[in-house]
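1. show me the folded form of this:
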Amino acid sequence: MPTSSAPTPSTPKGHAPAPKLGVRNTWQRAAIVSVLRDIDKFVSAREIHETLHERGEKVGLTTVYRTLQSLSEVEAVDVLQNKDGESLYRHCLTEHHHHHLVCTICGRSEEIEGGPVEKWAQLVAQRYGYELVGHDAEVFGVCRACQEAQRTQAGER
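-> As a prediction, the model looks like this:
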């Protein structure tokens, strides 16, 4: 475990573990996981459905939603909500509790360990007399590539 208080990537890109498919390993589930593994950002069920269609996979949108829900239940996918409340999904790269650093422009994300977040959540719960049973914390920002693109666009004006 890192000694720094700064969040650190928890899994290097390109070293993702084998997908956790859950109890029922269907071809539709495998196709959806394949799409998620190929995309390096959080995406909506509709985007996954469109990608499946582009690949020639005939998987209904309802099946995509149901499959994502069941994959979420076995923690095979990470889920977060965008600012409009829509659920976004990404293949889970680690087996332990983690948080996400998400680019608000392109959607790219990094899995980060959140030691300081864990400590903070425990302190807040204790301060108000609660027993901590869980928490969700996502960190949003603008990735380097998008920062550079913004600088380039600003320079062109």
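2. residue 89 against residue 81, yeah?
-> No: contact between residue 89 and residue 81 fails when scored by Cβ atoms under 8 Å: they sit 10.8 Å apart. The C-beta positions use only the backbone N, C-alpha and C, and glycine is treated the same way.
3. these two - which one has more neighbours?
-> A count of neighbours by other Cβ atoms under 10 Å puts residue 89 above the other of residue 89 and residue 81, at 26 against 12.
4. for the more buried one, give the beta-bridge partners.
-> residue 43, residue 79 (DSSP bridges).
5. could you measure it against residue 156, distance?
-> 35 Å (Cβ to Cβ, to the nearest Å).
6. if I look at residue 94, how far off is residue 36?
-> With distances taken as Cβ to Cβ, residue 94 is found 14 Å from residue 36.
7. residue 117 too?
-> Relative to residue 36, and taking Cβ to Cβ, residue 117 is found at 25 Å.
8. which of those two has more neighbours?
-> residue 36 (22 against 18).
9. excluding its backbone neighbours, what's nearest that one?
-> Using Cβ to Cβ, 6 or more residues apart in numbering and skipping residues adjacent in sequence, the residue nearest residue 36 is residue 91, 3.9 Å away.
10. where does the chain have low pLDDT?
-> 1-23, 157 (pLDDT under 70).
11. change it to 90
-> Along the chain, the parts satisfying pLDDT under 90 run over 1-26, 39-41, 74-76, 78, 80-85, 90-102, 104, 106-119, 134-140, 153-157.
12. domain-wise, how is it divided?
-> Using automatic domain parsing, the domain ranges for the chain come out as 14-95, 96-157.
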